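Engineer: My questions are about this predicted structure, shown below with the sequence.
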Amino acid sequence: MSDVLRVGIAGLGTVGASVARILIDSADLIAERAGRQIAVTGVCARDASKDRGIDLGDITWFDDPAALAQSNAIDVFIELIGGDGDPAKSAVQAAVASGRHVVTANKALLAVNGNEIAAAADAGGVAIGYEAAVAGGIPVIKTVREAASANRIARVYGILNGTCNYILTRMEEHGESFEDCLAEAQRLGYAEADPTADIEGHDSAHKLALLAAAAFGVEVSLESVYLEGISSITQDDLRAADELGYRIKLLGVAVRTDSGIEQRVTPTMLPKSAAMARIGGVLNAVAIDGDAFGEITLAGAGAGGDATASAVIGDIVDIARARLSPVFGVPASKLKPHTRARMRAHAGGYYIRLNVFDRPGAFAGIATRMAEAGISLESIVQKGGEGEGNGRALPVTIITHDTLEQNIREAFAGIEADGHIEGRPQMIRIEKA
Ligand code: HSE
C-alpha cells in the first residue's frame, strides 16, 4: 500500500457523488484523522458526462466495475452500485481476490452473500467495511462489533427504514391513510416509484440480518427473518395505540432466545415512554441490550448522500489506520451456525383488533377462545356505534398479557371458525423497551 491511500469508487449516484465530494473538499481534515492522504484515483459510473457538481479532474474512468476493483491504481474498492448480484457481487469478489479492501453501502449484497464474502475476505487478509449499509450515518456496526466487545448482547432492535418511519409518523400526525402518506413519501423522494422493498420490510430485513450477525457472532441468515410490512396498518390501529399509550413503528428485532435467534421485521407497538418511540419522520434508531452497558440507543439519519458518505469515509479511515476487524466481529470460521427461533415460540404481549358482529354471544365466544388457548387479557375495549345491537361489525381492541404466538394463532383459528368477526384479525406485537 502506498503512503497515500488510493480509493476507487464504483457508482456515482447520490452516495457515491457525496463520498467523492467530501473526500475532495475535506481532504485535509480527513488526512489528519487517517494519518495519510486519501485520494480518489479511479471511478466507474454509467454516465461519464453527467454533471455531478464535483471536479473529478484527471481521475481515471473505468467502464467495468470489476476492472476498477482489481486495478493497480487503487488500494480500496468502494462499492456503491447496489443489488445482491452482479455487477456488484463480481466486482467485490474481484477486489477481495486481488487483495484490495472493500467498503460498501450494499446491504442486499452482504445479507445474501455475507458468509461467503466474509470467508474470502479472511482468506485474503482484507477488510469489508459496511457501516453505511445499516442505518446510513449512524455508527451501529462499529458499536455492536467493536464498542460492545465486553458485552453479551441479548437483543438489538431498531427503526431501520426511514421511508416507513416517515409514513407511520405522518399517518399518526395527520390522520391520513397509508396510501396518501405513501404518495407523499414518493412525492418527497423518500419512497421509490416501486416502494415494495421499503414498505414490505425487505430493506429492513437486510439491515437486521447484518446487525444480528455482527451482534451475536453468528452466520448471516436473511432467510430466517420473519417479515410483515406496514400496508395493513390503519387509522383504527394508530388511534387505538395512542389511547393505550403506544406508538406503532416498523421495527427490526433480533433477540437471543432459548430456542435460537429470533429475527423479525414487523409493525410493532412501543410504549410512548421508550426513547425509540419518539424517533419520528425519516430518522432511524438502533437500540442494543448488553449485559455490561445496559441498553443504549443511537439515532440519526438513516439515508441521504452526505450522511451515508460519512459512514463510508469512516470505514476508509479505519482502513487507512489499519484498524481492521473481521466482517462480523469474529473470523468467518468462528461464526456460529444460525439457529432460527420460530415465530410460534415468540413470547410477548399482543395488540389485537377484531371487527366483531354486535350480537348476543359474540363477545363471550371470543373470550372463551382466548381462555381455551391459555391467553390472559390485560384489557378489552369495544367501541359502540349508532344502532348498537343490530348485528353490525364493531371494532374490539384487546391487549394480552405475555403469551406464546402459537396460542394467539390457535385462538384466531377458533374465532374465525366461529364466524363472530368480519374480515381477518389484526395483530401487532408489543415490544418491551
Ligand atoms: N430506502 C431506505 C430507507 C434507505 O427508506 O430508509 C436505504 O436503505
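Structural biologist: Now that the structure is in, tell me what you want to look at.
Engineer: What residue in the stretch 201-350 of the chain comes nearest to the ligand?
Structural biologist: For the stretch 201-350 of the chain, the residue closest to the ligand is residue 303, as judged by C-beta to the nearest ligand atom, at 3.8 Å. Every C-beta, even on glycine, is put in place using the N, C-alpha and C of the backbone.
Engineer: so who does that residue touch?
Structural biologist: When contacts are counted by C-beta atoms under 8 Å, 6 or more residues apart in numbering, residue 303 touches 136, 162, 282, 284.
Engineer: go with 7 Å
Structural biologist: Contacts were defined as C-beta atoms under 7 Å, 6 or more residues apart in numbering; by that measure residue 303 touches 136, 162, 282.
Engineer: same question, residue 269
Structural biologist: Contacts of residue 269 by C-beta under 7 Å, 6+ apart are 241, 246, 248, 351, 428, 430-431.
Engineer: For residue 404, see how far away the residue lying closest to it once chain neighbours are set aside is.
Structural biologist: Among residues not flanking residue 269 along the chain, residue 246 sits closest, at 4.1 Å (C-beta to C-beta, 6 or more residues apart in numbering). Look at residue 246 and residue 404: by C-beta to C-beta, to the nearest Å, they are 21 Å apart.
Engineer: Of those two, which one has the most company?
Structural biologist: residue 246 (24 against 16; other C-beta atoms under 10 Å).
Engineer: Please report how far the more buried one lies from residue 172.
Structural biologist: Relative to residue 172, and taking C-beta to C-beta, residue 246 is found at 11 Å.
Engineer: How far does the longest helix along the chain sit from its chain's centre?
Structural biologist: Longest among the helix segments of the chain by residue count, using DSSP state H, is helix 107-124. A distance of 18 Å separates the centroid of the chain from that of helix 107-124, by C-alpha atoms, centre = their mean, to the nearest Å.
Engineer: what are the pairing partners of the very next helix or strand once past that helix, and which direction each?
Structural biologist: Per DSSP states H and E, the first helix or strand lying C-terminal to helix 107-124 is strand 128-129. Here strand 128-129 is paired, per DSSP bridges, with strand 101-104 (parallel).
Engineer: what's in contact with the partner strand?
Structural biologist: Strand 101-104 is contacted by residues 75-79, 92, 95-96, 126-130, 133, 312, 315-316, 319 when judged by C-beta under 7 Å, 6+ apart.
Engineer: Same question for stretch 79-94.
Structural biologist: Residues from elsewhere that reach stretch 79-94 (C-beta under 7 Å, 6+ apart): 9-11, 13, 15-16, 65-66, 69-70, 102, 104-106, 108-109, 112-113, 117, 120.
Engineer: Filter these down to the buried ones.
Structural biologist: Among the contacts of stretch 79-94, those classed as buried by 16 or more other C-beta atoms under 10 Å are 9-11, 15-16, 65-66, 69-70, 102, 104-106, 108-109, 112-113, 117, 120.
Engineer: Domain map for this structure?
Structural biologist: Here the domain assignment for the chain is 2-133, 140-301, 344-430, based on automatic domain parsing.
Engineer: tell me how far the ends of the shortest one are from each other?
Structural biologist: Which is domain 344-430. Using C-alpha to C-alpha, to the nearest Å, the span of domain 344-430 from its first residue to its last is 15 Å.
Engineer: change the start of the numbering to 11 and stick with it
Structural biologist: Okay, residue one is now 11; in that scheme the one you just asked about reads as domain 354-440.
Engineer: Please consider this matter closed, and thank you.
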